[in-house]
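Visitor: This is the structure alone, sequence omitted:
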RNA sequence: GCCAGUGUGGUGAAAUUGGUAGACACGCCGGAUUCAAAAUCCGGUUCCUUCACGGGAGUGUCGGUUCGAGUCCGACCACUGGUACCA
């Protein structure tokens, strides 16, 4: 028997065993409950980092735990293999993205193996493989046929010097990250998917997701941003309508100007004979597309000279161009009520536009329009016929009138915008469309799929190579047979990550996107990933699932039943990054301490939802614990098999250790399943081990030790599976802990005769008393009052009240 | 800017339903072992005060509710994530 804990040989042995027995391959099995456990697949950036280790360890712990509960557990792994970093690496190191990606996958797969994750590798997929993205292309064509995919003009960040589109992260301080020249906005044709068509469902189905963190549901709810309001028309001089959307028609009488986006047709028209305005409009094209930049930039505007007629008063009000009005939201125009909207108030103050009060506070709230807008709902004033109405009444009265007069329509609006899926990049799945001068956008026929992305490419400069490859884009129109060009844009990588979870169920099916096995495993029972994906990825995947449902591919409404969002891994309080030089390489830690130590520390150092502060000495502590545990097991086994447990013969001390064992099983079970706080589960197990060290060597001590050690090994197995694989063999003689079940609490071991409770005087602890478990309130109270220190604090005061909380405390209120 | 979250000893954290603040670890201090060191084992460790028993203060800040608040409410401060082309 191995006297010393030797992680290298022990982990190798366990991994060989799992490989030889194909331990983690799984097939549908109607005799057991299914459990689909999934961690968000990684981008193959080169090496695993600590964030990966944490993410995948959490999922692996859950998968292994669920398996011990007797379920058929699917835990697959794959690669989110398309994306920008491969192109950057290609430019920097002159290596084609396909090769770079494939090499990274090879290396990272080996790292996964060394960490001992229980993956069914038979189902591995990579999104850059044509067998994967072919089905995405096929599905996109279904969406196109249903009118759910469409083309429209939309803006991008454009670098004139590099002649390329820039991602938001490639724009630094308004300039291109490579050549440092200012970016400009440019409108180009792009493909969109109508997520707005599903906005209502995406919102209401959030209520089904009761096993998602509330904060993620809240963020998605706010992102979708449903609001009820009214579209209403102001009339321009040429009698055309200038339409705006507002959720506050009750403030309509307080509109003192209109604000329109610089790209609005009215602005463009007015600028054509106004050079100053034209210059202003032009100057606004240099702002980066990102919402954060839009919202924090200086709010500037200019009078267009155009006026519009107010739909109720008939008054003429000025129309201003304002840089904070977005052409892509609503109609690109807003009505401005500076008295009751803070942004309008600031703009009006800056440009000395009139501010009118039309809402008065209901209670005595502050309302001083010289200082700030009054944005709460209230009672209408200065509003003619509508004076005295509250928000709801005014909303209805004004909306009714506008609808009656044909100047407005009640409408439900969403903040959510349609999903732009076009990328002017090389390393992505080609959009399966052929552009024909005669027939327009024509889908590639199904039998010609996949449209394969050429991988033998040279990166010259920064643009996409396929845009310069006639052999790729020159083709004929499937409809008319004439000359045509292939779409050279590729899909947003969020498209691939929106359905991979379903494809794992049937990775190798070359006849269909999904099959019945996908329906067997879906939905994912437990999804694990970073909180940074709370909105985009998780919303797109939910949307895609509904699209697939409506195509008849899956039966369920939602893809992920339960969600765990893990926090980041920090070092010295900051996110690990190469530029900060504070990275920790998991590989060298595995080499030094073994995978179990790395896994144990990752799970012990913080609860999964919180950020985790990396600590080298903490890792040593985790390793120390494993060595101590190993010694405990080895020493126990060295003394031969333990005698049978005889509960009636136990001493009080032995009974206490046994109670601790079963209390720990209860706590760890709850921590693993309901709470998902693995750190406290591990702490409880450590506590139990500390107590076990105090057991003697007589027969019943050894019997209790045997029972406890088996429980400890079973409970730690999901976290540190290698060492537990071996310790289980030593303790039981059985070869495979994977076939063992989760330990069961013996309720009879939990009983106790006495309890310690605290005695407080005015909320401060003054004594501790030990009382029988079944003591009644009066007995507890009188015992509490007898305590010397309690008496001291009751001298000279009168007891007003006594609160007895059974099993916890007594609080004597006195003054 | 907006949306969401976090803030507790020297450090990572625990306190699950409003009921003993600091479990479990790290670090540090003291001791055992050792020729010596490493490793290991034992003990101590929120701060202030006290020979000691004990006492006082304490969970980002300020205020509130309650017999009782880390936990609930209000305001504020700092940091983190997202903000639609990073994934």
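Guide: Perfect, I can see it now. Bear in mind that the values here come from a model prediction, so they are computed numbers and not experimental data.
Visitor: Spell out the secondary structure type for residue A:153.
Guide: strand (DSSP: H, G, I helix; E, B strand; the rest coil).
Visitor: my bad, should have said residue A:321
Guide: Following three-state DSSP, the label given to residue A:321 is strand.
Visitor: ok, residue A:376 to RNA strand B distance?
Guide: The gap separating residue A:376 from RNA strand B is 12 Å, by CB to the nearest atom of the strand, to the nearest Å. Where C-beta positions appear, they are placed from N, C-alpha and C, glycine not excepted.
Visitor: Can you name the residues that contact that residue?
Guide: Counting by CB atoms under 8 Å, 6 or more residues apart in numbering, residue A:376 makes contact with A:359, A:361, A:365.
Visitor: Once you drop chain neighbours, what's closest to the last one?
Guide: Just to be clear, that refers to residue A:365. Excluding the flanking residues, the one nearest residue A:365 by CB to CB, 6 or more residues apart in numbering is residue A:376, at 6.3 Å.
Visitor: what do you get for the first one?
Guide: Closest residue to residue A:359 in three dimensions, ignoring its sequence neighbours and counting by CB to CB, 6+ apart: residue A:378, at 4.4 Å.
Visitor: Can you tell me the number of residues neighbouring that neighbour?
Guide: When neighbours are counted by other CB atoms under 10 Å, residue A:378 registers 22.
Visitor: ok so, going back, let's see if you can find the most crowded of the contacts of residue A:376.
Guide: Among the contacts of residue A:376, residue A:359 has the most neighbours (other CB under 10 Å), with 28 neighbours.
Visitor: hang on, the earlier thing: let me have the contacts of residue A:376 in CSV, extended by distance to residue A:508, secondary structure and pLDDT.
Guide: Putting these into CSV (distance: CB to CB, whole Å; DSSP: H, G, I helix; E, B strand; the rest coil; pLDDT from 0 to 100) gives the following:
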residue, distance to residue A:508, secondary structure, pLDDT
A:359, 64, strand, 93
A:361, 67, coil, 87
A:365, 65, coil, 71
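Visitor: which among these gets closest to RNA strand B?
Guide: RNA strand B lies nearest to residue A:365 out of those, by CB to the nearest atom of the strand, at 12.1 Å.
Visitor: Now do the end-to-end distance for stretch A:603-612.
Guide: 9 Å (CA to CA, to the nearest Å).
Visitor: List the buried residues of that stretch.
Guide: A:603-608, A:612 (16 or more other CB atoms under 10 Å).
Visitor: which residues make contact with stretch A:196-205 from outside it?
Guide: Contact with stretch A:196-205 is made by A:148, A:195, A:220-221, A:224, A:226, A:414, A:416-418, A:539, A:542-543, A:546-547, A:557-558, as judged by CB under 8 Å, 6+ apart.
Visitor: make it 7 Å
Guide: The set of residues external to stretch A:196-205 that reach it, using CB atoms under 7 Å, 6 or more residues apart in numbering, is A:148, A:221, A:224, A:226, A:414, A:416-418, A:539, A:542-543, A:546, A:557-558.
Visitor: quick one: pLDDT of the closest residue to residue A:737 other than its chain neighbours?
Guide: Closest residue in space to residue A:737, ignoring its immediate chain neighbours: residue A:728 at 3.9 Å, by CB to CB, 6+ apart. For residue A:728, the model assigns a pLDDT of 98.
Visitor: Quick check: which element contains residue A:728?
Guide: Counting by DSSP states H and E, the element that carries residue A:728 is helix A:721-732.
Visitor: Work out the gap between that helix and the centre of the chain.
Guide: Here helix A:721-732 is found 35 Å from its chain centre; the criterion is CA atoms, centre = their mean, to the nearest Å.
Visitor: picking that back up, if I look at the residue nearest to residue A:365, how far off is residue A:368?
Guide: Distance of residue A:376 to residue A:368, given as CB to CB, to the nearest Å: 13 Å.
Visitor: Ramachandran angles for the residue of chain A at minimum distance from RNA strand B?
Guide: Of all residues in chain A, residue A:621 sits closest to RNA strand B, at 2.5 Å by CB to the nearest atom of the strand. Main-chain torsions, residue A:621, degrees, to the nearest 10: phi -60, psi -40.
Visitor: Not counting sequence-adjacent ones, nearest residue to the residue nearest the centre of chain A?
Guide: In chain A, the centroid-proximal residue (CA atoms, centre = their mean) is residue A:534; its distance is 2.8 Å. Of all residues not flanking residue A:534 in the chain, residue A:216 sits nearest, at 4.6 Å (CB to CB, 6+ apart).
Visitor: Spell out the secondary structure type for that neighbour.
Guide: helix.
Visitor: quick one: the strands in the stretch 351-500 of chain A?
Guide: A:359-360, A:379-380, A:408-414, A:419-420, A:422-423, A:433-436, A:440-443, A:474-476, A:483-486, A:490-491 (DSSP state E, counting those that start in this stretch).
Visitor: Mind putting those strands into JSON lines with distance to RNA strand B?
Guide: Below are the strands of the stretch 351-500 of chain A laid out as JSON lines (distance: least, CB to the nearest atom of the strand, whole Å):
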{"stretch": "strand A:359-360", "distance to RNA strand B": "19"}
{"stretch": "strand A:379-380", "distance to RNA strand B": "22"}
{"stretch": "strand A:408-414", "distance to RNA strand B": "8"}
{"stretch": "strand A:419-420", "distance to RNA strand B": "5"}
{"stretch": "strand A:422-423", "distance to RNA strand B": "5"}
{"stretch": "strand A:433-436", "distance to RNA strand B": "15"}
{"stretch": "strand A:440-443", "distance to RNA strand B": "17"}
{"stretch": "strand A:474-476", "distance to RNA strand B": "23"}
{"stretch": "strand A:483-486", "distance to RNA strand B": "18"}
{"stretch": "strand A:490-491", "distance to RNA strand B": "10"}
